[in-house]
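# Have a look at this fold, sequence not included:
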């Protein structure tokens, strides 16, 4: 998409070349670049590069110019030249190169570059998302096949984008010929400045021939992306920093963009005013209203923005005032661009991003607006998204019909508006639940705290188990989560779980071990520490290192309780002769006692016996076909308390 409305940051630098005439040319191009006249700069940069001049700075600016204008095939070419000169460039170039490669269909190399980006950008959320969603292509594939898409029928050879519903009309942005003798072209795009147009739409959402809106809303600069209140009396819209015939500029003398508000008076839009959180020094754009119209969502690069542009929200009070803008946070915002929000009456937020894993350029994503923040972000699929820029998605939640904008191949202009019908909802509903119990007794544990984390250990939510020890979370299909259960007097336990990729429920019971253990005469002290078997080398009775670790636990308890006495019992499975197993278990019991005595325990506190296979706890006796796990149950060590 042409980036006169999209928000981003540019890299500014000065070229260095030998030769006076060459310096003059590049200085001229730099000035155009710095003033956002990218179309002119590209011509100069290309001519210089095609003559064989090579410079990292040249290739950066040339590639960036194409990247910012969504000509990703050409951007990929010049990023490639940059990396051929030096592969140790700033991490941002790895990301842009990968995005450009994806847009040209070279996903294999794109993922290789993303791997390098990930290595160099450990704190970049885009790297984290890529690492967490390496199978993003499969996820996008799974989300595809849900839309019928067609040309909206209102496109021109110029840029058309950014639709909004207004009563029985479709309002959109266009750079088409306005019929004015004083038409002005924008250097950045080579097109006319945009204005708002309207088309009547029938019950099937088919737009009629468009007409330019005759209103004070349209000016000689850019207007775009309106959002209307339900009563049709108020509109929020995006415009260059221009009001009452005056153009505002930032400290670099650049005219940025702002959100304005207008009200309908006597059938005409009037009372145009900028919003109080607008500024000459940063941009605000693309307003969207919540279902109750008490919150305004928008895109901005204001201070505190994580990336090139973030999504924000601000409250609207009953008297028409506004709260303090609030960043929607890292669940939705990245170091890239998040822009063009749209909120449905089902509290779903659709938006465009090049920071979340996608097909290249801007992709359209959706997430649920929840009480405690933004839910899981999902790519809407390849029917809507393409290797180019796809953005400005709106949908009627009842009919599931809507519009989006794209500069994908096959369109009439630089950006085009497409109509769609959603035939299948993007829902894969999974419920993660389970019961928390005592590991030793099986007693249900109510009042336990259970916390859900994603595979990057970001907290997604916490609950307290009910009287039945039950917990539940709504989770995303196909994802990996970590579940942490904790309760006083118990050892905290964390379990990883992979959620199925289809609708359903995932059961995850968790058994907690007591952090303290109450025992009495006749109890097995080993169960306090989960000791099931003291391990020896095969067919031997020598204490192994891992066995010594478990015996240290027994030793510590015996030292704490000088009156405690133990009867140490060693058992085997049935897979040798009765005599062999009895002798082997006897040697092992004696070896265990010998180790404890050697480490300071009085011999009169210890007794022991090897029982071989005489006390099997299941039916795995001679001649019975059992699994290895069943045989393992019979190979055990017991530390029975005989005195306290």
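Great, that's in hand. Keep in mind that what you see is a predicted model, and the values were worked out from it rather than measured.

# ok, now how distant is residue 570 from residue 522?
Residue 570 is 18 Å from residue 522, where distance means CB to CB, to the nearest Å. Bear in mind the C-beta positions are built from the backbone N, C-alpha and C, glycine included.

# In a helix, residue 47, correct?
Yes. Residue 47 sits within a helix when classified using DSSP: H, G, I helix; E, B strand; the rest coil.

# What distance do you get for it to residue 62?
Residue 47 sits 10 Å away from residue 62, going by CB to CB.

# higher neighbour count, these two?
Ranked by neighbour count (other CB atoms under 10 Å), residue 47 and residue 62 place residue 62 first, with 27 against 12.

# That one contacts residue 79, correct?
No. Using CB atoms under 8 Å, residue 62 is not in contact with residue 79, being 9.2 Å away.

# Who is the closest residue to residue 150 other than its chain neighbours paired with across the strands?
Of all residues not flanking residue 150 in the chain, residue 419 sits nearest, at 5.5 Å (CB to CB, 6 or more residues apart in numbering). Residue 419 has the following beta-bridge partners by DSSP bridges: residue 150, residue 403.

# pLDDT score for residue 419?
Note on residue 419: pLDDT of 98.

# Quick one: residues contacting it.
149, 150, 151, 152, 153, 205, 206, 207, 401, 402, 403 (CB atoms under 8 Å, 6 or more residues apart in numbering).

# Residue 155 now?
Shown in contact with residue 155 (CB under 8 Å, 6+ apart): 411, 412, 413, 416, 417.

# Let's verify residue 314: helix, strand, or coil?
Under three-state DSSP, residue 314 comes out as strand.

# Got the domain ranges for the protein?
In terms of domains, the chain is parsed into 20-134, 147-422, 429-512, 525-643 (source: automatic domain parsing).

# Off-centre distance for the third one?
Just to be clear, that refers to domain 429-512. Remark: domain 429-512 is offset 21 Å from the chain centroid, using CA atoms, centre = their mean, to the nearest Å.

# okay, and for the stretch 1-150 of the chain, where does confidence drop off?
1-42, 44-45, 122, 129-135 (pLDDT under 70).

# Please enumerate the helices of it.
With helices called from DSSP state H, counting those that start in this stretch, the stretch 1-150 of the chain shows them at 20-34, 38-50, 56-68, 72-85, 91-103, 107-120, 125-132, 136-142.

# winner for burial among these?
The highest mean neighbour count among those, using mean count of other CB atoms under 10 Å, belongs to helix 91-103: a mean of 25.

# Now do the end-to-end distance for stretch 206-217.
25 Å (CA to CA, to the nearest Å).

# List the contacts of that stretch.
Contacts to stretch 206-217, defined as CB under 8 Å, 6+ apart, come from residues 152-154, 170-172, 174, 178-179, 195-202, 218, 223, 226, 235, 237, 262, 268-270, 272, 419.

# Kindly report the same for stretch 402-416.
Residues outside stretch 402-416 that contact it (CB under 8 Å, 6+ apart): 1-2, 70, 151-152, 155-163, 170, 172, 189, 191, 205, 364, 384, 386-396, 417-420, 422.

# The longest helix seen in the chain: which residues count as buried?
Assignment by DSSP state H gives helix 578-598 as the longest helix of the chain. Buried residues in helix 578-598, counted by 16 or more other CB atoms under 10 Å: 581-593, 595-596.

# Quick one: mean pLDDT for that helix?
Here the average pLDDT along helix 578-598 is 88.

# chain center to that helix: distance?
For helix 578-598, the separation from the chain centroid amounts to 56 Å (computed by CA atoms, centre = their mean).

# where exactly do the strands run in the stretch 351-500 of the chain?
Using DSSP state E, counting those that start in this stretch, the strands assigned to the stretch 351-500 of the chain run over residues 363-370, 373-374, 378-379, 390-396, 401-406, 416-422, 429-438, 449-454, 459-464, 470-476, 480-486, 493-498.

# Give me the angle between the first one and strand 401-406.
Between strand 363-370 and strand 401-406, the angle comes out at 130 degrees (axes from the mean of the first three to the mean of the last three CA atoms, to 10 degrees).

# Between residue 570 and residue 522, point out the one with more neighbours.
Under the criterion of other CB under 10 Å, the comparison of residue 570 against residue 522 puts residue 570 first, with 28 against 9.

# How about the contacts made by that one?
Residue 570 touches 534, 585, 586, 588, 589, 592, 608, 609, 610, 611, 637, 638, counting by CB under 8 Å, 6+ apart.

# close enough to count as contact, the second one and residue 615?
The one in question is residue 585. No. Applying CB under 8 Å as the test, residue 585 and residue 615 come out as separate, 9.9 Å apart.

# residues bridging contact with these two, i.e. touching both?
When contacts are counted by CB under 8 Å, 6+ apart, residue 585 and residue 615 have residue 571 as shared neighbours.

# Would you confirm that residue 342 contacts residue 394?
Yes. If you go by CB under 8 Å, residue 342 and residue 394 touch, sitting 5.1 Å apart.

# Name the residues contacting each of those two.
The contact sets of residue 342 and residue 394 overlap at residue 350 (CB under 8 Å, 6+ apart).

# between the two, which one's more packed in?
Legend: neighbour count by other CB under 10 Å for residue 342 and residue 394, higher for residue 342 (25 against 21).

# The helix or strand where that one lies pairs with which strands, and in what direction?
Using DSSP states H and E, residue 342 maps to strand 338-343. Looking at strand 338-343 with DSSP bridges, its partner strands are strand 348-353 (antiparallel).

# What are the buried residues along the strand it pairs with?
Result for strand 348-353 [16+ other CB under 10 Å]: buried residues 348, 349, 350, 351, 352, 353.

# pLDDT added to those, as JSON lines?
Below are the buried residues of strand 348-353 laid out as JSON lines (pLDDT from 0 to 100):
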{"residue": "348", "pLDDT": "94"}
{"residue": "349", "pLDDT": "96"}
{"residue": "350", "pLDDT": "97"}
{"residue": "351", "pLDDT": "97"}
{"residue": "352", "pLDDT": "97"}
{"residue": "353", "pLDDT": "95"}
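
# Looking at these, which one is closest to residue 438?
In terms of CB to CB, no member of the buried residues of strand 348-353 lies closer to residue 438 than residue 348, at 41.4 Å.

# Who are the contact partners of that closest one?
Counting by CB under 8 Å, 6+ apart, residue 348 touches 366, 367, 368, 369.

# Taking the contacts of stretch 402-416, please make a PyMOL selection of just the buried ones.
Buried subset of those, written as a PyMOL selection, criterion 16+ other CB under 10 Å:
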select buried, resi 1+2+70+152+155+158+159+160+161+162+163+170+172+189+191+205+364+384+386+387+388+389+390+391+392+393+394+395+417+418+419+420+422
